[in-house]
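Colleague: prediction below, plus the sequence it came from.
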Amino acid sequence: MSPAPPVRSDDPGSFPWSVFHERHPKLVQQVLDALPYGPAERAAVEDLLAESTTGLLRPLTDDGDDHELWLAWGRDVWGTPWGEAPFLWAESYFYRRLLAATGYFGSGAWRGVDPFAPFKDAELAGPAVDEELAALDGLRGLTAERRTEALLASALWGNRADLSFGLTAAPVAGRPAGLVADDSRLLLAAPAAAGPARICLVADNAGRELLPDLVLVDHLLTEAPATEVVVYVKPYPYYVSDATMADALATLRRLRSSAEPEAGRIGLRLWQAMNTSRLAVRTHPFFCAPLPYREMPPDLRAGFAGATLTILKGDLNYRRLVGDQLWPAITPFAEVAGHFPSPVAALRTLKSDVVVGLDPQVVADLDAYGTPWRTSGTHALIQVHGMA
Ligand SMILES: O=P(O)(O)OC[C@@]1(O)O[C@H](CO)[C@@H](O)[C@@H]1O
């Protein structure tokens, strides 16, 4: 398999270019409007936007714990235009620099203040979550198989609730258009593991994505094969709505304190599962690295090895799993995901160009479809590798 070139953001007609030149200006304004930052933070954020659209990549100037890591990660790109770096690298660095610009890694009062908290808090407290909590009572009337299918689907489509997308993307009419690949039968038919079964879930967005993810985790612990679940979150705020430990705890509290009976029961079970380590929430610096999962460090690789299954949620995790490269869409998923140290399932709504493992006729039909199906968030996939 000859490696495909990396996706870059230097083509003015491309989606990655629009992320930097159209979405990020909107996002920056929303961040500056949402919290009362002072002149220093505002100037630093505006300087970042100017640098990332017309300037050259500069190394970090803050003293975050990951300073040396980033210095090494950027050794091939410092001093080059942002658009000439790999899109995954440049976009990831943009979010790391945005935190630095708001003082998140500084020694002042803004240290540790999540610049995306206003958006995440509003979503979690909002009426849509009230409705989703109420809907959980309907789960009890389903058969175990239908419950699993319903929870897998809600975890999958929960990925549409991505604020970096939702805050800035052009609205696309209509409901989700459907699945471009669906290996869910491999997940649903997975035999109960003979011995202890550890399932890892690499979380993506907080709020309306993490909520169904945690409900699925409860299901895996109470009705499915898992004897232990590890949920990985980001070590710091990232891509607007990516979940941190603070977001996981807020979501657990939202469930446990709910007046809806089933939501409250699920929240209590998850809380107790954390008390007994049947559910562990972990993090690692690599989850905010600008690199593909093929390059994960040995300690993280060892953490996934031996898992019965790792579920990777969302678009960014998919890009990092398969490699943010211009693969032909019919490239076999196994060829580019086979490096992962455990059986792996990707649950993702399509919000960027990269996609693999599609049937040629599906690609032809989608390309005739007209709407930018790769980036509009209207289509999704469930792809599995390593499960019989
Ligand atoms: O990983 P998520 O949250 O599903 O999606 C993140 C993401 O889609 O947002 C950006 C565009 O807004 C993409 O470049 C990036 O992959």
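Modeller: Done, it's in.
Colleague: which stretches in the stretch 101-250 of the chain count as strands?
Modeller: With DSSP state E, counting those that start in this stretch as the criterion, the stretch 101-250 of the chain has strands at 178-182, 198-202, 228-233.
Colleague: pLDDT on the first one, on average?
Modeller: Here the mean pLDDT over strand 178-182 is 94, rounded to a whole number.
Colleague: flag every buried residue along that strand.
Modeller: Within strand 178-182, the residues that count as buried by 16 or more other CB atoms under 10 Å are 179-181. C-beta here means a position set from N, CA and C on the backbone, and glycine is covered the same way.
Colleague: low-confidence stretches in the protein?
Modeller: By pLDDT under 70, the weakly predicted segments of the chain are 1-2, 166-177, 191-194, 224-225.
Colleague: now do 90
Modeller: Scanning the chain for pLDDT under 90 picks out 1-3, 62-65, 139-141, 144-145, 158-178, 187-196, 223-226, 369-371, 387-388.
Colleague: residues of it that sit close to the ligand?
Modeller: With CB under 6 Å from any ligand atom as the criterion, the chain comes near the ligand at residues 19, 23, 91, 159, 162, 164-165, 204-205, 239, 314-316, 319, 351-352.
Colleague: of the residues you listed, keep whichever come out buried.
Modeller: By 16+ other CB under 10 Å, these give 19, 23, 91, 159, 162, 164-165, 204-205, 239, 314-316, 319, 351-352 as buried.
Colleague: outline the domain layout of this structure.
Modeller: Here the domain parsing of the chain from automatic domain parsing is 15-115, 124-385.
Colleague: what's the most buried one of those domains?
Modeller: Using mean count of other CB atoms under 10 Å, the stretch among the domains of the chain with the largest mean neighbour count is domain 124-385, at a mean of 19.
Colleague: just the terminal-to-terminal distance for that domain.
Modeller: Using CA to CA, to the nearest Å, the span of domain 124-385 from its first residue to its last is 33 Å.
Colleague: in contact with residue 266, which residues?
Modeller: Residue 266 makes contact with 136, 214-215, 218, 255, according to CB atoms under 8 Å, 6 or more residues apart in numbering.
Colleague: out of those, which one sits closest to residue 269?
Modeller: residue 218 (5.5 Å; CB to CB).
Colleague: with adjacent residues omitted, what lies nearest to the residue positioned nearest the centre of the chain?
Modeller: Residue closest to the average C-alpha location in the chain (CA atoms, centre = their mean): residue 204, at 2.8 Å. Leaving aside its sequence neighbours, residue 204 sits nearest to residue 314 (CB to CB, 6 or more residues apart in numbering; 3.0 Å).
Colleague: so the one you found touches residue 209, yeah?
Modeller: Yes - Residue 314 is within contact range of residue 209, at 7.2 Å (criterion: CB atoms under 8 Å).
Colleague: what touches both of the two?
Modeller: Jointly contacting residue 314 and residue 209 under the rule CB under 8 Å, 6+ apart are 159, 162.
Colleague: so residue 358, which of the three states?
Modeller: Under DSSP: H, G, I helix; E, B strand; the rest coil, residue 358 falls in the coil class.
Colleague: so who does it touch?
Modeller: Each residue near residue 358 by CB under 8 Å, 6+ apart is listed here: 180-181, 329-330, 366.
Colleague: and the residue of the stretch 101-250 of the chain closest to the ligand?
Modeller: For the stretch 101-250 of the chain and the ligand, the shortest gap (CB to the nearest ligand atom) falls at residue 162, measuring 3.7 Å.
Colleague: distance of that residue from residue 35?
Modeller: Residue 162 is 21 Å from residue 35, where distance means CB to CB, to the nearest Å.
Colleague: next one: residue 302
Modeller: 39 Å.
Colleague: ditto for residue 81
Modeller: 30 Å.
Colleague: one more: residue 212?
Modeller: Counting by CB to CB, the gap from residue 212 to residue 35 is 28 Å.
Colleague: over to residue 293?
Modeller: Applying CB to CB, the value for residue 293 to residue 35 is 32 Å.
Colleague: right, and residue 73 touches residue 295 too?
Modeller: No - judged on CB under 8 Å, residue 73 makes no contact with residue 295 at a distance of 9.7 Å.
Colleague: identify the contacts common to these two.
Modeller: Counting by CB under 8 Å, 6+ apart, the shared contacts of residue 73 and residue 295 are residue 289.
Colleague: spatially nearest residue to residue 182 (excluding sequence neighbours)?
Modeller: residue 382 (5.3 Å).
Colleague: tell me the contacts of the one you found?
Modeller: 152, 156, 179, 181-184, 187, 345-347.
Colleague: same check on residue 78?
Modeller: Residues near residue 78 by CB under 8 Å, 6+ apart: 57-59.
Colleague: likewise residue 57?
Modeller: Applying CB under 8 Å, 6+ apart to residue 57 gives the contacts 51, 74, 77-82, 85, 90, 93.
Colleague: of the residues you listed, which is the nearest to the ligand?
Modeller: Checking the contacts of residue 57 against the ligand with CB to the nearest ligand atom, the nearest one is residue 90 at 10.3 Å.
Colleague: rewinding a little: now tabulate the contacts of residue 78 in TSV and tack on secondary structure.
Modeller: Shown next, in TSV, are the contacts of residue 78 (three-state DSSP):
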residue	secondary structure
57	coil
58	coil
59	coil
